[in-house]
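*Asks:* need coordinates for the below:
(2 chains)
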Number of protein chains: 2
Amino acid sequence: MQRITAKYYIETPYELEKAAQVLAGEQSSGTFVEVPGETAELKSRFAARVESIAPLETVTEPAIPGATSKTGKYQRAMIEVSWSIENFGYNLPVMISTLQGNLYELTQFTGLKLMDIELPDLYSEQFKGPKFGIEGCRKLTDVYNRPLIGTIIKPSIGMTPEQTAELVKTLVEAGIDFIKDDELLGSSANSPFDKRVDAVMRVINDHADKTGKKVMYAFNISDEIDEMKRNYQKIVRNGGTCAMISLNSVGISATRKICEIGELAIHGHRNGWGMMNRHPLLGIEFPAYQKLWRLAGVDQIHVNGIQNKFWESDDSVVRSIEACLKPILNGTTVLPVVSSGQWGGQAPETYRRTKTVDLLYMAGGGIMAHPMGPAGGVRALHQAWEAAVDGLSIEQAALKYPEFGKSVEKFDSK
Amino acid sequence: MQRITAKYYIETPYELEKAAQVLAGEQSSGTFVEVPGETAELKSRFAARVESIAPLETVTEPAIPGATSKTGKYQRAMIEVSWSIENFGYNLPVMISTLQGNLYELTQFTGLKLMDIELPDLYSEQFKGPKFGIEGCRKLTDVYNRPLIGTIIKPSIGMTPEQTAELVKTLVEAGIDFIKDDELLGSSANSPFDKRVDAVMRVINDHADKTGKKVMYAFNISDEIDEMKRNYQKIVRNGGTCAMISLNSVGISATRKICEIGELAIHGHRNGWGMMNRHPLLGIEFPAYQKLWRLAGVDQIHVNGIQNKFWESDDSVVRSIEACLKPILNGTTVLPVVSSGQWGGQAPETYRRTKTVDLLYMAGGGIMAHPMGPAGGVRALHQAWEAAVDGLSIEQAALKYPEFGKSVEKFDSK
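*Replies:* Have a look, this model is predicted:
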């Protein structure tokens, strides 16, 4: 039977082999006293298997508390553990409980992070993956050979649907490809969901009628499941092309259900991510995380950005983008959403390190606060990416392109 | 308008007041450049408010990476921040994105943990809370004045429905109140869900017909939403009284939907919890966590146990139990599920510290591997709790009760 393999970065006060076996045992048939019924045949069929152990450095302080080493040493390693898919079949929640359930509680570990998952071939038959992904989102927006340029409605919360639509009008006329609600806004007291969809889609549809360009707007449908379905259909009826879900807040079962409808591209927001990733030896890394959400069918997923305003390193962002671009599940991809403090100046470095324009590149103030107005801001972002692909430095690009030059003057803090 | 208040344990390389304001700004209307439309009126209505700052110790090493202090010092504090419920209404996912979204990414913090949430009165009108809770689960099992005694089917995975039913027969005849699937088992190759329900409920119903005692079995329905609904109805049709959901793996939107059906008590398993809680300064504490799931309607929730086999301290377990017992949402409660390495010897200490028998007390090997058989194991647990309430020590109880005495001989590692 085919197996699913998970790679963990671990730290343990015990022998590596023993610690790895405890993890495998706990996540397939563990209990603290040997019980009847746990036969050798059962074990060999359903037991998790330690596939490899690659020792790394030893440290003298535990990364996370909860266990003490008698020798005063804590050994780090990269280990791989596999499970027969007979254990959970195609049930994503049970797969998640297997790969990242109680194991974080074990005193055998003073550090445990799920780094990546290798999916078996059978999963490609069963899971369709993102319905739209990179190619589908390009088709929906008719944008090719450059990143989709997007922005977030700010202030996040408090504007009326009319105020939002007014801002959307400015943005679509400025030539933007994509706009999204903030994750803090669902249906608020002064911006009820339906009214916002009506007001915003009127502007977007009018603009599409006039120019042929249909801007993608990700309405935040995050809510309980029935409300999400209702909101989804509201977007469909009004001619929208995208809905946003806060993945961690909604959860994978409801997200998968919404993705399966298949009429809208699903914008996956990862807010809450820092909680399970910021510590180097606790939680989950993005290459594993994004696979779970691709299995659920999410079409776009946030990866933060190079030189972002948050804590994350550029190396980590690059790894995340690369993970999204790697085809899985019959060659499907997920569109990486680059955001956080982006104004175009990060484009050369982003391109130098990832060699891709298959991105949704989000800028906020970089567009709205551009000295030549939002249209100048959008143009500056196109220029930034053209320059990036041509291998120009920021200085060279600033000289060549007037709008981008103004961005450099205003936003470059270096 | 009523407000929701969240308490955070923070560590920051900056001034406390400034860091707290950044958190409030980021989670209501933040962006890195001032934008048009962010008026004073909007801000005062929708902005998050820093309610209090209680400084704690200063340290010289950051708790989590991602920011460096220029002074070499990192200040810890307890802070309270509030939001008008106008911002998210009764939308749980958007509330979660507000209370524990992007804030973990901020370089203003080298530590951030959501400690507790204070719900506004309006939430009691809108959210019904757990349908069953402690009283409802007592009614369903007809167990009063002592903890419900439960166990988990082990090995977790690999047994056929017939083998499981055989074990259930042994357990119900031994006098147990509650049995559950392991979280690793949903519908596996050799234990399809329906067949397991058929086999297990036949045993439970037969026993109820004979003795009047209906044992509660928590079948693990964790899956995508339609499958969960289907599995739920299967349990209802077969006369079951409980379904289990792996909360973190399924997510809150789908869990809430299932809870709302209201025909079965929902057993909430928190596997994956260590990922968001094990670090003292990252993630979420249980008092906040259990409130979210009570809002969703979960009737029972895992709290680990005193002297457990995992990493968690007894103090933390006691706090968790107390949090569950505190009535919210019109006086509703959630039944704390005590488990992990429990065999009854922890009963005196558990009672001494919590003064409650409103628990679902789970033992594994303590029942199945008892020297006098499973019936002896269950009896030993009843005795352990009687002794605990009477204020006996383990030694006194072992002398008074033969079955418990045998448990002490076999399981007491001290």
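*Asks:* is stretch A:335-350 in proximity to chain B?
*Replies:* Yes - with CB under 8 Å from any CB of the partner chain as the criterion, chain B is reached by stretch A:335-350 at A:340, A:341. Every residue, glycine included, has its C-beta placed from N, CA and C.
*Asks:* so for that stretch, mean pLDDT?
*Replies:* For stretch A:335-350, mean pLDDT rounds to 96.
*Asks:* for it, C-alpha coordinates in CSV please.
*Replies:* The C-alpha coordinates for stretch A:335-350 follow below in CSV (Å, rounded to 0.1, in the frame of the first residue of the first chain):
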residue,chain,number,x,y,z
LEU,A,335,-0.5,31.2,-6.9
PRO,A,336,1.9,32.7,-4.3
VAL,A,337,0.6,35.9,-2.8
VAL,A,338,3.4,38.3,-2.0
SER,A,339,2.6,41.1,0.5
SER,A,340,3.7,43.1,3.5
GLY,A,341,5.4,46.4,3.1
GLN,A,342,5.9,45.9,-0.7
TRP,A,343,6.1,48.9,-3.0
GLY,A,344,8.0,47.5,-6.0
GLY,A,345,11.5,48.1,-4.7
GLN,A,346,11.6,44.5,-3.6
ALA,A,347,10.9,43.3,-7.2
PRO,A,348,14.5,43.0,-8.4
GLU,A,349,15.5,40.9,-5.4
THR,A,350,12.4,38.8,-5.5
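*Asks:* give me the domain ranges for chain A.
*Replies:* As given by automatic domain parsing, the domain ranges for chain A are A:3-126, A:133-411.
*Asks:* now those in JSON lines, with distance to residue B:281?
*Replies:* Converted to JSON lines, these look like this (distance: least, CB to CB, whole Å):
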{"stretch": "domain A:3-126", "distance to residue B:281": "11"}
{"stretch": "domain A:133-411", "distance to residue B:281": "9"}
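*Asks:* which of the ones you listed has the lowest mean pLDDT?
*Replies:* domain A:3-126 (a mean of 91).
*Asks:* how far is that domain from where the chain is centred?
*Replies:* 24 Å (CA atoms, centre = their mean, to the nearest Å).
*Asks:* now the residue of the stretch 201-350 of chain A found nearest chain B: closest residue in space, sequence neighbours ignored.
*Replies:* As assessed by CB to the nearest CB, chain B sits closest to residue A:251 within the stretch 201-350 of chain A, at 0.7 Å. Computed as CB to CB, 6 or more residues apart in numbering or on different chains, the closest residue to residue A:251 that is not its neighbour in sequence is residue B:251, at 0.7 Å.
*Asks:* again with residue A:189
*Replies:* Residue A:189 sits nearest to residue B:86 (CB to CB, 6+ apart), 3.9 Å away.
*Asks:* how about the one you found, phi and psi?
*Replies:* phi -60, psi -30 (degrees, to the nearest 10).
*Asks:* from residue A:386, how far out is the nearest residue to residue A:186 once chain neighbours are set aside?
*Replies:* Nearest non-adjacent residue to residue A:186, counting by CB to CB, 6+ apart: residue B:94, 3.9 Å away. According to CB to CB, to the nearest Å, residue B:94 and residue A:386 sit 38 Å apart.
*Asks:* same check on residue A:328?
*Replies:* 31 Å.
*Asks:* again with residue A:402
*Replies:* 13 Å.
*Asks:* who has more neighbours, those two?
*Replies:* residue A:386 (18 against 13; other CB atoms under 10 Å in any protein chain shown).
*Asks:* quick one on the thing from earlier: closest one to residue B:379 among the domains of chain A?
*Replies:* Among the domains of chain A, the nearest to residue B:379 by CB to CB is domain A:3-126 (17.8 Å).
*Asks:* still on that earlier bit, list the residues that contact the residue nearest to residue A:189.
*Replies:* Going by CB atoms under 8 Å, 6 or more residues apart in numbering or on different chains, residue B:86 touches A:188, A:189, A:190, B:1, B:45, B:46.
*Asks:* deepest of the domains of chain A, which one?
*Replies:* Neighbour counts (mean count of other CB atoms under 10 Å in any protein chain shown) averaged over each of those peak at domain A:133-411, with a mean of 22.
*Asks:* how about the residues of the stretch 251-400 of chain A that lie near chain B?
*Replies:* A:251-257, A:269, A:271-276, A:278-280, A:282-284, A:304, A:309-312, A:340-341, A:364-366, A:368-369.
*Asks:* those residues in helices, which ones?
*Replies:* Here DSSP state H is the test, and these give A:252-257, A:273-276, A:365-366, A:368 as lying in helices.
*Asks:* looking at these, which is nearest residue B:120?
*Replies:* residue A:275 (24.1 Å).
*Asks:* sorry, back to before: surely the residue nearest to residue A:251 meets residue A:250?
*Replies:* Yes - the criterion here is CB atoms under 8 Å, and residue B:251 meets it with residue A:250 at 5.7 Å.
*Asks:* so how far is residue A:228 from residue A:221?
*Replies:* 5 Å.
*Asks:* identify the contacts common to those two.
*Replies:* Shared contacts of residue A:221 and residue A:228, counting by CB under 8 Å, 6+ apart, come down to A:245, A:258.
*Asks:* what about the strands in chain A?
*Replies:* With DSSP state E as the criterion, chain A has strands at A:3-12, A:49-59, A:74-84, A:111-118, A:148-152, A:178-180, A:216-220, A:242-246, A:265-269, A:282-284, A:300-302, A:335-338, A:360-362.
*Asks:* now those in a markdown table, with distance to residue A:160?
*Replies:* As requested, the strands of chain A are arranged in a markdown table below (distance: least, CB to CB, whole Å):
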| stretch | distance to residue A:160 |
| --- | --- |
| strand A:3-12 | 47 |
| strand A:49-59 | 55 |
| strand A:74-84 | 51 |
| strand A:111-118 | 43 |
| strand A:148-152 | 17 |
| strand A:178-180 | 16 |
| strand A:216-220 | 15 |
| strand A:242-246 | 20 |
| strand A:265-269 | 23 |
| strand A:282-284 | 39 |
| strand A:300-302 | 27 |
| strand A:335-338 | 26 |
| strand A:360-362 | 23 |
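*Asks:* test my guess that residue A:154 contacts residue A:364.
*Replies:* Yes - the criterion here is CB under 8 Å, and residue A:154 meets it with residue A:364 at 5.9 Å.
*Asks:* show the contacting residues for residue A:204.
*Replies:* A:168, A:172, A:214, A:215, A:217, A:239, A:240.
*Asks:* could I get these as TSV with distance to chain B?
*Replies:* Shown next, in TSV, are these (distance: CB to the nearest CB, whole Å):
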residue	distance to chain B
A:168	12
A:172	17
A:214	25
A:215	19
A:217	17
A:239	24
A:240	19
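*Asks:* relative to residue B:29, which of those residues is nearest.
*Replies:* For the contacts of residue A:204, the nearest to residue B:29 is residue A:168 (17.8 Å; CB to CB).
*Asks:* residues in contact with the closest one?
*Replies:* A:153, A:179, A:200, A:203, A:204, A:215, A:217.
*Asks:* repeat that for residue A:71.
*Replies:* Residue A:71 is in contact with residue A:13, counting by CB under 8 Å, 6+ apart.
*Asks:* separation between it and residue A:59?
*Replies:* Between residue A:71 and residue A:59 the computed distance is 12 Å (CB to CB).
*Asks:* the longest helix along chain A to strand A:216-220, inter-axis angle?
*Replies:* Ranked by number of residues, the top helix in chain A under DSSP H is helix A:193-211. Going by axes from the mean of the first three to the mean of the last three CA atoms, to 10 degrees, helix A:193-211 is angled at 180 degrees with respect to strand A:216-220.
*Asks:* run the chain-centre distance for helix A:193-211.
*Replies:* Averaging C-alpha positions (CA atoms, centre = their mean) puts helix A:193-211 27 Å from its chain's average.
*Asks:* so what sits opposite residue A:50 in the bridge?
*Replies:* residue A:81 (DSSP bridges).
*Asks:* surely it meets residue A:79?
*Replies:* Yes - counting by CB under 8 Å, residue A:50 does reach residue A:79; the two are 6.6 Å apart.
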